[in-house]
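Asks: From the sequence below, what's the structure:
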Amino acid sequence: MKNRISSAFFFVILLLLGALGAMYYVKAEWNPPTLSLTPEQTTASTRTVFTITAADKDSALRSVLVVATQGSNSIEIMNKNLPAGTRELREEFSLPKTGIKNEALTLTVTVKDTSWHRLGRGNRAQVVRQLDIDSKPPVISVLSGQHNVNHGGTGLVVYSTNEELASSGVKLGDHFFPGYPYQPGKYLCFFALPFNADPKAVTPILVAGDLAGNESTIGFNFRPLIKKFRHDDINISDNFLQSKMGQFADLYPDAATPLDIFLKVNSELRAKNVGSLIQLGKDTVPQKLWDGTFIRLPNSAPMAAFADNRTYKYDGKAVDNQTHLGVDLASLAASPVPAGNTGRIILAEFMGIYGNVVVIDHGFGLQSLYSHLSEIHVQKGETVPRGQTIGKTGATGMAGGDHLHFGVLVSGVEVQPIEWWDPQWIDHNITSKLQ
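Replies: Numbering: from 1, shown residues only. Here you go, the predicted model:
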């Protein structure tokens with residue numbers, strides 16, 4: 001009887017040990033969490049924002065620990081036990097503003113999971129980063145002299161710093177115009193004085209941030225040249241509405257009349273297209289592709305000027321008000337349109353109010369626009385030389401007749417195109433600063 005009880009007890013113990021072994025085998029998986037620490041840079045400051053990203057598909061995440069070490073001094077930046085069942089983690093942190101010296105630092109990030117591996121201590125993932133701590137902002141020196149900028153026009157500032165920059169540019173009102181490396185130790189930035197900015201109330205500020213995240217700002221010699229823009233009344237006819245609004249009807253199915261469609265297109269779609277050009281302004285190369293003056297459409301007459309303020313009237317009543325950005329040039333119907341200067345085709349398609357449009361990037365954020373084309377002869381990604389035919393004039397989009405709408409943009413902001421046809425203006429305001 002005792003032997004049978006002993007055997008049963010032994011069998012139960014074996015079953016329990018087997019169950020525990022199986023559970024340990026399942027729970028004690030050996031795969032550590034995935035872990036990354038960004039940005040992957042070797043220089044940092046207290047302004048640098050680090051991001052921890054971790055995940056574990058086998059076990060839940062248990063804890064995250066961040067420690068900064070300088071010599072014998074260790075500072076615990078983060079020590080957090082995570083909620084049960086946490087599978088993914090994204091945490092941001094910065095170095096403490098006190099206790100950190102301008103010298104080498106070791107940053108250690110450790111993430112553990114809930115695996116039973118290592119006798120219940122879990123799997124561990126670790127990132128160790130050696131950093132140079134730099135808390136000194138860059139020193140900016142403005143190299144270009146005068147910056148006399150037409151209202152609605154383009155300016156160029158050239159500058160140098162005492163260290164490599166992560167980013168720089170000119171902030172003017174709500175706009176930021178990026179700067180680009182130009183020569184060793186030198187940077188340049190094309191910026192605009194937008195047509196809708198108050199030239200007496202805005203002041204451009206040069207901003208520079210180094211690799212550690214330190215930032216400096218400085219003003220520079222800036223003189224706005226006040227310009228008065230024209231005003232036009234544009235009469236909207238039923239013939240125009242019937243012939244043009246059909247192409248936009250699908251965008252505004254709730255619009256009851258062609259006039260309702262027009263008002264939507266002239267305001268909402270126009271604003272959307274302008275926003276698209278701002279985004280397109282980021283598609284640029286940090287080099288000068290253009291040379292000399294831009295080509296004007298040959299044998300053409302000006303039909304509308306840059307920043308013309310337009311009141312649109314229907315049946316003698318004002319129904320809308322918008323600003324025309326660009327220069328309208330009329331020649332013979334379907335005239336060949338030359339590329340204003342050498343550059344990369346970054347847009348060649350139908351786009352809203354502009355109809356068939358081509359945009360060329362000339363580098364450093366400078367771009368040119370050709371719209372209402374009847375034909376497009378280039379494709380996105382092509383490089384075209386100055387003067388190559390890129391299409392033919394037309395009346396696509398919101399054009400009332402065959403013409404070319406020509407525009408120049410600086411980081412996506414439309415500026416006065418006629419400056420770029422003027423060799424004297426280019427020499428005084430651009431070329432002389434780049435020598």
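Asks: hey, let's count contacts and neighbours off CA atoms from now on
Replies: Will do.
Asks: Show me how the chain divides into domains.
Replies: Using automatic domain parsing, the domain parsing of the chain gives 29-133, 140-225, 231-417.
Asks: nearest to residue 435, of these?
Replies: When those are compared by CA to CA, domain 140-225 sits nearest residue 435, at 10.4 Å.
Asks: Residue 69 contacts residue 103, correct?
Replies: No: shown here, residue 69 and residue 103 do not form a contact pair, counting by CA atoms under 8 Å, at 10.8 Å.
Asks: re earlier: which among the domains of the chain is found nearest to residue 427?
Replies: domain 231-417 (8.6 Å).
Asks: And the average pLDDT for the closest one is what?
Replies: Averaged over domain 231-417, pLDDT sits at 97.
Asks: Go ahead and measure how far that domain is from the middle of the chain.
Replies: Offset of domain 231-417 from its chain centre (CA atoms, centre = their mean, to the nearest Å): 22 Å.
Asks: Just the endpoints, please. Distance across that domain?
Replies: 18 Å (CA to CA, to the nearest Å).
Asks: what about the closest residue to residue 185 other than its chain neighbours, how many neighbours?
Replies: In space, and not counting its chain neighbours, residue 185 is closest to residue 160: 5.7 Å by CA to CA, 6 or more residues apart in numbering. Using other CA atoms under 10 Å, residue 160 has 21 neighbouring residues.
Asks: Hmm, residue 160 is touching residue 142, no?
Replies: Yes: with contacts counted by CA under 8 Å, residue 160 reaches residue 142, the gap being 6.5 Å.
Asks: distance of the residue nearest to residue 330 when sequence neighbours are not counted from residue 304?
Replies: If the residues on either side of it in the chain are set aside, residue 330 comes closest to residue 403, at 4.5 Å by CA to CA, 6+ apart. Look at residue 403 and residue 304: by CA to CA, they are 10 Å apart.
Asks: Can you read off the backbone torsions of residue 265?
Replies: Per-residue torsions, residue 265: phi -60, psi -40 (degrees, to the nearest 10).
Asks: Give me the neighbour count for it.
Replies: Applying other CA under 10 Å, I find that residue 265 has 21 neighbouring residues.
Asks: what ranges do the helices span in this structure?
Replies: Applying DSSP state H to the chain gives helices spanning 2-27, 238-244, 258-264, 270-280, 423-426, 432-434.
Asks: which residues of the stretch 251-400 of the chain fall in strands?
Replies: All strands of the stretch 251-400 of the chain, identified by DSSP state E, counting those that start in this stretch, fall at 301-304, 308-314, 317-324, 327-330, 336-338, 343-350, 356-361, 366-373, 375-376, 383-384, 389-392.
Asks: In CSV: those strands, plus distance to residue 88 and mean neighbour count.
Replies: Below are these laid out as CSV (distance: least, CA to CA, whole Å; neighbours: other CA atoms under 10 Å):
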stretch, distance to residue 88, mean neighbour count
strand 301-304, 57, 14
strand 308-314, 53, 17
strand 317-324, 49, 15
strand 327-330, 53, 21
strand 336-338, 54, 21
strand 343-350, 38, 21
strand 356-361, 41, 27
strand 366-373, 42, 28
strand 375-376, 49, 19
strand 383-384, 44, 18
strand 389-392, 50, 22
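Asks: What about residue 316, how many residues nearby?
Replies: Neighbour tally, residue 316, other CA under 10 Å: 9.
Asks: Could you tell me how far it is located from residue 304?
Replies: Taking CA to CA, one finds residue 316 at 21 Å from residue 304.
Asks: center of the protein - which residue?
Replies: Central residue of the chain (CA atoms, centre = their mean): residue 282, 5.2 Å from the mean position.
Asks: Backbone dihedrals for that one, both of them.
Replies: For residue 282, the backbone dihedrals (degrees, to the nearest 10) come out as phi -80, psi -20.
Asks: Verify the stated contact: it with residue 364.
Replies: No: using CA under 8 Å, residue 282 is not in contact with residue 364, being 9.6 Å away.
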